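**Student:** starting from these lines, generate the structure:
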Amino acid sequence: MSAREVEGLDLGAPLRANAIRIVRARVAELQCHAGAAFDPAAATAQHELRIAAKRLRYLLELVGPCLGPEAEAGARAAKELQGVLGELHDCDVMLTRTAAIESLEAFLRIRRDLLFRRFRGLWARESELGTFSALASL
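**Tutor:** Alright, predicted model coming up:
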């Protein structure tokens with residue numbers, strides 16, 4: 001999955017102006033993948049959402065000091081989202097390799113279900129707090 005192109009960057013502009021444009025593009029990318037990721041069986045969409053969260057997190061860790069407290073909250077949320085979706089992806093990968101081991105497969109399915117619920121809860125909490133909306137509104 002390629003990163004969404006950022007329109008309107010100005011090499012002569014201050015860092016904050018360009019950082020805001022890039023953050024908005026990364027938040028839009030995150031939100032674009034979120035809808036499909038709420039289907040429990042949508043492993044590809046969940047993986048793409050993890051990649052989008054990773055891009056946003058690393059960006060915010062880099063330019064956050066010039067953006068204020070919204071960037072710190074966004075980086076924390078993106079890190080948590082990236083982590084839970086990474087664990088979810090690990091379950092998906094392992095499930096393709098454990099078909100002959102029923103007990104391990106059962107364990108991974110239960111773990112995946114718990115991680116998926118954690119992902120939904122995390123997304124709901126951050127939506128209620130307005131974490132990603134605040135970034136999009138910078």
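
**Student:** residue 18 against residue 12, yeah?
**Tutor:** No - applying C-beta atoms under 8 Å, one finds residue 18 not in contact with residue 12, separated by 9.8 Å. All C-beta atoms are positioned from the backbone trio N, CA, C, and that covers glycine.

**Student:** between the two, which is the more surrounded one?
**Tutor:** When neighbours are counted by other C-beta atoms under 10 Å, residue 18 comes out ahead of the other of residue 18 and residue 12, with 17 against 6.

**Student:** how close does the more buried one get to residue 104?
**Tutor:** Remark: distance between residue 18 and residue 104 (C-beta to C-beta, to the nearest Å) = 48 Å.

**Student:** give me the pLDDT for the residue nearest to the spatial centre of the chain.
**Tutor:** With distances taken as C-alpha atoms, centre = their mean, the residue of the chain nearest its centroid is residue 53 (2.6 Å). Per-residue pLDDT puts residue 53 at 98.

**Student:** and the strand or helix carrying it, what does it pack against?
**Tutor:** In the assignment (DSSP states H and E), residue 53 maps to helix 43-63. When contacts are defined as 3 or more C-beta pairs under 8 Å, 6 or more residues apart in numbering; DSSP states H and E, helix 43-63 packs onto helix 15-37, helix 69-95.

**Student:** quick check: residue 101 vs residue 92, distance?
**Tutor:** According to C-beta to C-beta, residue 101 stands 16 Å off from residue 92.

**Student:** among those two, which residue is more densely surrounded?
**Tutor:** Neighbour tally, residue 101 and residue 92, criterion other C-beta under 10 Å: the higher count belongs to residue 92, 14 against 11.

**Student:** residues near the closest residue to that one other than its chain neighbours, how many?
**Tutor:** In this structure, residue 92 finds its nearest non-sequential neighbour in residue 43, 4.6 Å apart by C-beta to C-beta, 6 or more residues apart in numbering. Residue 43 has 18 neighbours, counted by other C-beta under 10 Å.
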